[in-house]
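Asker: no sequence for this one, just the structure:
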């Protein structure tokens with residue numbers, strides 16, 4: 001299903017990538033013991049930020065990139081019963097290379 005959301009400027013919409021429910025030693029972790037993942041997939045990007053001279057600076061990330069972000073980065077939003085994060089490109093720590 002196509003998402004009808006376009007982030008503004010240097011903001012990015014990310015869907016978290018869920019980690020496996022099994023910890024070390026094959027112990028199944030309950031939902032209350034799990035932390036929210038810090039990895040996600042970019043599902044929409046803004047058009048980039050504008051510098052002081054009025055030039056648009058394109059984003060380094062693109063739709064489909066898998067990224068790592070800070071634990072407390074972004075704002076949680078729910079769209080069509082699915083949770084996403086919206087954050088600035090500066091909050092992304094790395095792009096995961098395949």
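Answerer: Structure received. Computed from a prediction, not measured in an experiment: that's the story for all the values here.
Asker: How about the host helix or strand of residue 43, which residues are buried there?
Answerer: Assigned by DSSP states H and E, residue 43 belongs to strand 39-45. By 16 or more other Cβ atoms under 10 Å, the buried positions in strand 39-45 come out as 40, 42, 43, 44, 45. In short, each C-beta sits where N, CA and C put it, glycine included.
Asker: Pairing partners for it, with directions?
Answerer: Strand pairing for strand 39-45, determined by DSSP bridges: strand 11-16 (antiparallel), strand 66-69 (antiparallel).
Asker: Turn those into JSON lines, including mean pLDDT.
Answerer: Output for these, formatted as JSON lines (pLDDT from 0 to 100):
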{"stretch": "strand 11-16", "mean pLDDT": "95"}
{"stretch": "strand 66-69", "mean pLDDT": "96"}
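Asker: Could you list the low-confidence segments of this structure?
Answerer: For the chain, the stretches with pLDDT under 70 are 1-2, 19-37.
Asker: quick one: contacts for the spatially most central residue of it?
Answerer: Nearest residue to the geometric centre of the chain (Cα atoms, centre = their mean): residue 14, 2.9 Å. Residue 14 makes contact with 40, 41, 42, 43, 67, 69, 74, 84, 85, 86, 87, according to Cβ atoms under 8 Å, 6 or more residues apart in numbering.
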